[in-house]
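> Got a predicted structure plus its sequence, pasted below:
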Amino acid sequence: MAATLPPPRLLPSGDSAITVEFSRKIDDAANRRVLALDRALTAEPITGVIETVPTYRSLLVHYDPVQIGFKELGERILALAQLPVPAMTKTRHWRIPVVYGGEHGIDLEDVAKTLNTTPEEIVARHIAGDYRVAMIGFTPGWSYLSGLADSLHMPRRQNPRLLTPAGTISIGGVQTGVQCLAGPSGWHLLGRTAVRTYQLHRDPIFLLEPGDNVTFTPVDAKTFAEQDRAAEAGEFIAEQIAP
């Protein structure tokens, strides 16, 4: 029999939700357990569970306390959470085009100076990465990616911007991400993509899902403008790569 994994912490979140915490820090192994539990609850629904929300290191489970209590639900969750994490057999891989630097990536040169290298080297390091969608959050479609090279780790900005463009590709701490909608950000802006990871009147509304793999490929400003018009019309722009 396969050995069980260490149990997560169960934290009550109000009277109708449980936070299932696998770690207190950003950790790929913990995130894989989060996504495995999320898939298990989808495959084997528990009566009373309304919704699950996966994050980097925990899973928020909303439930109806009339149908199931905290104690019973917690016991059933712990049983699932301690099972070995199965390998994902249907992982999707997306290639996302990015225009780096200039007006589209206003922090690229500053990042290069801080890391004692050139803008070209920063781009080369960023496109060399093989990333995984750890979670979606903050604003619709905001995709947090793990797998950023150590050589690109740097603290977030001391003074966050109140507004950054839709489609921004940025780095912050140990993460990189795809920002779908315009909004505030304390991350460093390297470039932009025309890909809409969220588009309300498109099917599917959300393009990326937790567990997906992502790589980036550079394009010039002219190509970005063309892709942006096509994306506005509903095209995916991101290329799904066959396994």
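Sure thing, it's come through.
> mind checking how far Asp203 is from Gly234?
9 Å (C-beta to C-beta, to the nearest Å). Yep, even glycine has a C-beta here, placed from its N, CA and C like the rest.
> For burial, what's the neighbour tally of Ala112?
18 (other C-beta atoms under 10 Å).
> and if you look at Gly211?
21.
> Surely Leu189 is in contact with Asp107?
Yes: the pair formed by Leu189 and Asp107 meets the contact definition of C-beta atoms under 8 Å, at 4.6 Å.
> shared neighbours of these two, anything?
The contact sets of Leu189 and Asp107 overlap at Ser170 (C-beta atoms under 8 Å, 6 or more residues apart in numbering).
> Pick out whichever of these two has more residues nearby.
The neighbour count for Leu189 versus Asp107, taken as other C-beta under 10 Å, is higher for Leu189 (24 against 21).
> what's across from the more buried one in the sheet?
Counting by DSSP bridges, Leu189 forms beta bridges with Ser170.
> can you pull the contacts of it?
Neighbouring residues of Leu189 by C-beta under 8 Å, 6+ apart: Gly105, Ile106, Asp107, Leu108, Thr164, Pro165, Thr168, Ile169, Ser170.
> Do you know the pLDDT at the third one?
So that's Asp107. Here the pLDDT value assigned to Asp107 is 98.
> same deal with the last one?
Note on Ser170: pLDDT of 98.
> State the number of residues packed around it.
That count, for Ser170 with other C-beta under 10 Å as the rule, works out to 23.
> same thing with the fourth one?
Using other C-beta under 10 Å, the number of residues around Leu108 comes to 22.
> could you check the distance from it over to Thr114?
Distance, Leu108 to Thr114, by C-beta to C-beta: 11 Å.
> ok, now Arg24?
Counting by C-beta to C-beta, the gap from Arg24 to Thr114 is 28 Å.
> Have a look at the two and say which one is more surrounded.
Thr114 (13 against 10).
> which residues touch that one?
With contact set as C-beta under 8 Å, 6+ apart, Thr114 has these partners: Met154.
> Please convert the contacts of Leu189 to a markdown table, extending it with secondary structure.
Listed next are those as a markdown table, based on DSSP: H, G, I helix; E, B strand; the rest coil:
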| residue | secondary structure |
| --- | --- |
| Gly105 | coil |
| Ile106 | coil |
| Asp107 | coil |
| Leu108 | helix |
| Thr164 | strand |
| Pro165 | coil |
| Thr168 | strand |
| Ile169 | strand |
| Ser170 | strand |
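> Between the residues you listed, which sits nearest Val214?
Nearest to Val214 among the contacts of Leu189 is Ile169, at 10.4 Å by C-beta to C-beta.
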